[in-house]
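Visitor: I would like to see how this sequence folds:
(chains A and B)
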There are 2 protein chains.
Amino acid sequence: MLTLRRLAIDTFRENVAFLNRHCTVYRVEDFLGLGRVEVTGGGKAMLAVLNLVEDDAILGPGEIGLSTAAFRHLGLPEGARVAVEHPTPPRSFDLVRAKAGGATLSHADLAAVIRDVAAQRYSKIEIAAFLIACAAFMTTDEVLGLTRAMIDAGSRLTWDVGPIADKHCIGGVPGNRTSMIVVPIVAAHGLPIPKTSSRAITSPAGTADTMEVLANVDVGVERMQELVRTVKGCLVWGGHVNLSPADDVLISVERPLAVDTREQLVASILSKKAAAGSTNLLVDIPVGPTAKVRTQGEAVRLRKLFEYVGDQLGLTLDVAITDGSQPVGFGIGPVLEARDVMAVLRGEPAAPADLRESALRLAGRIIEFDPAVRGGSGYRRARDLLEGGEALRTMERIMERQGPPPAKATLGTLVHEVVAPKDGTVEAIDCYRIARIARLAGAPVDKGAGIDLLHKVGARVRRGEPLYRIHANTRPDFAFARTMAEEDAGIRVNGLGGAA
Amino acid sequence: MLTLRRLAIDTFRENVAFLNRHCTVYRVEDFLGLGRVEVTGGGKAMLAVLNLVEDDAILGPGEIGLSTAAFRHLGLPEGARVAVEHPTPPRSFDLVRAKAGGATLSHADLAAVIRDVAAQRYSKIEIAAFLIACAAFMTTDEVLGLTRAMIDAGSRLTWDVGPIADKHCIGGVPGNRTSMIVVPIVAAHGLPIPKTSSRAITSPAGTADTMEVLANVDVGVERMQELVRTVKGCLVWGGHVNLSPADDVLISVERPLAVDTREQLVASILSKKAAAGSTNLLVDIPVGPTAKVRTQGEAVRLRKLFEYVGDQLGLTLDVAITDGSQPVGFGIGPVLEARDVMAVLRGEPAAPADLRESALRLAGRIIEFDPAVRGGSGYRRARDLLEGGEALRTMERIMERQGPPPAKATLGTLVHEVVAPKDGTVEAIDCYRIARIARLAGAPVDKGAGIDLLHKVGARVRRGEPLYRIHANTRPDFAFARTMAEEDAGIRVNGLGGAA
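Guide: All right, here's what the predicted structure looks like:
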């Protein structure tokens, strides 16, 4: 038997077992064929990818090391006696092979695959195989089966109040922080809306990052329940709500592969929302030439798939196709976006009109989920709640009850102005490019970093007039972002004279 | 800049970079989105998967560690100053995404993908994506393009003699060690046949493992050239001949996924053989209910694909569909198989007739490649060379010139006899099961371990009579193999009385 050790190496959702190349208990060569082992001990078993250590200082020849997540997953203490065996690959992988060969999988098949995925019995290459096999083609019934399987593979939240409203934006448009306005409006109306959000992964800010400028977002399920009872809403980080573990595993491979299919997107979002106990969901699909969804046709296909699967799951679902042609609001980056959100809630005259308008439309559609609301009056009700200050007061109560932010975030003091190259009109703002520059400036890790847009599409500008400001807090980030902006500022001015 | 360190961890053909979670040079969070980094320094650059170390004893906060192969691949010394950057994923991966979506790739597309694969710019999940996208469907022209791309991505051997014969068996049948008889016969005939073989990965013995019982197989290209000049043949391990690096990378992911497609098989084998400078190739496809190829129909489809691609590459190619219904010869495991081979070469009366016959047929077909040989007389010529002792003498010269084996291997002294459960006839021997038991007994790492079959299909046996012997050298292996054989011996006796 081997002695178990936690090796302080984070291998990101891949269970890795480390053996010394000169292992005194097993012939490691026996395990190299498949590159995996089954680790067993104390009645527990776990599949893990095998790495070999050639340095006794890292791991001794009678020891087995597990990566941090694998160690947690196995759940045995350091020093425990464990064995390794030839792995029994998950039987459900035969179904993935069949799918790769062109088969259609039944709901039961998909459930078997997803159960093994959720139990971390698939290695990353097996996950990749499943994703690509599904990317080739999936029937709508398979999408439904996959969504159901993902819901069933995790836990499910229940709420002791009636219908639960929720909202999800598929993302891709910087500054589009409508949730932080929609949630207080809808909660002020009285419709429970426990909103969980992610932190940014490849974008300059997620709702959780931005909300964290104003309040604590690291909130567990019990506190969420309490918030919904008292304030009807919350804006928290979703990390504590382990709702769709299979989805988390799939995403950890989908993201680096950047294989985004409509089918995976719908299954991912609807499984998470159904597991979160949401009953009435608004999905926001921004469309624009530099957004995630680039044409109306694409948006409509996506909408129909959302509707089909949502209906079958018994969700009340509404899909809003919105304008994603340029960033929403002025600020990009947590501190700047939080500023815009609060300006809208406070009714400040300088508040970004597009962010306000988009949030009101979305909030209005969610309010229409309420049977007591007269058809067509949702927008008006939303506007009244915003203009009357109820939304702001609800937001203040949410912030107060979630607690203060973990650290005070301030706007980056290193400032660079990107100016118009000529007189003319702002013709286009590239969402992708602007996000990239804001990220290089340090957002979202540095909450005060980002971009402050001074003009939006259609604005007339004079040569030399600032188009936007880059904010950063550290010199190297500042330099990276400036260099990137000098190569291509991501904003096109159309007019006479000078280069574009 | 970070200080480079070689971390003595073998991550098996995946470049892994390790950073301390509290890295003092970069914010590691910036790199977590894609999970990969581009490591640059001294004019070199390399993509690597990122793992985080949380223990300063393993890696300091100002250091970057590279897994053993990644360190070698980057080629900088320890202590070098390197930077990490956001990775630029290989551009060719867009083509893989297109293929996953149903596109057909051109030869130029496949060349772009395979160049990046060979340069280790693909992570394992990206390789898996490529393999699965190809598994869904591939045109024969794509198979040709893939094969050409794999040839072009590596180096190519040239020989200063005329036509170069070669032989490849697709495997799956234990004991099928014909190459060690075919090579000396063909070389004795005067046709150059520089045979490289692999070591066993999931089987109980590869030709390289078995030949190593008799001679050194760890031979470089120069020695191979010399062997071909002087003896016309060799039987060496292919590990020194880095012919199709892309194929090696693909196989490292294909194997654990166990996604074996005809298309990948043909591209893999023909690219390796073309790169090895072979001009006249015999491919052996054993067919049987427990072999790799299970039906004649499957074998014919595979044969046609070999023929199409081989013709387009300008190879002279012959495909033999042989009997893979049961193990070939008596011994399974390196020492036992070497014994069978030498018994055939020496013309011993007890030599396994099936191994001898199969080797003669294959050798005969290769000899027919020689324009000077009268059509239809290859088999006779092969038999004459075997019976006249020329083949044996050639084998002895090959052994002598390759040098003595690295260690003396002896037959396992722990012996267990598996007996017939009843009177009757041996009806079937399960190739897969027998291989598994031999492997558990210790083969091929323990060269003396394995199975010695005493009866083949069709033999009449009495209840209690031994069917085969398990040989092992160490107690735990012996116990494992016995337990496995007791569960299911892998040999079916048909007759009256008792359980099967």
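Visitor: what domains does the record give for chain A?
Guide: A:2-85, A:165-241+A:272-402, A:414-494 (automatic domain parsing).
Visitor: closest one to chain B among these?
Guide: Closest approach to chain B among these (C-beta to the nearest C-beta): domain A:2-85, 3.7 Å. For the C-beta atoms, the positions are set from N, CA and C on the backbone; glycine is no exception.
Visitor: roughly how far out does that closest one sit from the chain middle?
Guide: Offset of domain A:2-85 from its chain centre (C-alpha atoms, centre = their mean, to the nearest Å): 31 Å.
Visitor: the nearest residue to A:Gly238 once chain neighbours are set aside in helix, strand or coil?
Guide: Leaving out its chain neighbours, the residue that sits closest to A:Gly238 by C-beta to C-beta, 6 or more residues apart in numbering or on different chains is A:Thr196, at 3.4 Å. Here A:Thr196 is strand, with the state taken from DSSP: H, G, I helix; E, B strand; the rest coil.
Visitor: please report how far A:Thr196 lies from B:Gly175.
Guide: 60 Å (C-beta to C-beta, to the nearest Å).
Visitor: who has more neighbours, these two?
Guide: Set A:Thr196 next to B:Gly175 and count neighbours by other C-beta atoms under 10 Å in any protein chain shown: B:Gly175 wins out with 31 against 26.
Visitor: could you look up the SS state of the more buried one?
Guide: B:Gly175 ends up coil, using three-state DSSP.
Visitor: cool, A:Thr425 as well?
Guide: Of the three states, A:Thr425 takes strand according to three-state DSSP.
Visitor: the nearest residue in space to A:Phe137 that is not next to it in sequence: neighbour count?
Guide: Using C-beta to C-beta, 6+ apart and skipping the chain neighbours, the partner closest in space to A:Phe137 is B:Gly102 (7.6 Å). For B:Gly102, the tally of surrounding residues (other C-beta under 10 Å) stands at 12.
Visitor: what does A:Ala489 give?
Guide: Around A:Ala489 there are 22 residues (other C-beta under 10 Å).
Visitor: what helix or strand does it sit in?
Guide: Using DSSP states H and E, A:Ala489 sits in no helix or strand.
Visitor: isn't the residue nearest to A:Gly238 up against A:Gly233?
Guide: No - using C-beta atoms under 8 Å, A:Thr196 is not in contact with A:Gly233; the gap is 11.4 Å.
Visitor: can you tell me the centre-most residue of chain A?
Guide: In chain A, the residue lying closest to the centroid (C-alpha atoms, centre = their mean) is A:Ser198, at 4.3 Å.
Visitor: so the residue nearest to that residue when sequence neighbours are not counted versus A:Met180, what's the distance?
Guide: Sequence neighbours aside, A:Gly206 is the residue nearest to A:Ser198 in space, at 5.0 Å (criterion: C-beta to C-beta, 6+ apart). Distance of A:Gly206 to A:Met180, computed by C-beta to C-beta: 11 Å.
Visitor: the more surrounded of those two?
Guide: Neighbours were counted for A:Gly206 and for A:Met180 using other C-beta under 10 Å; A:Met180 has more, 25 against 22.
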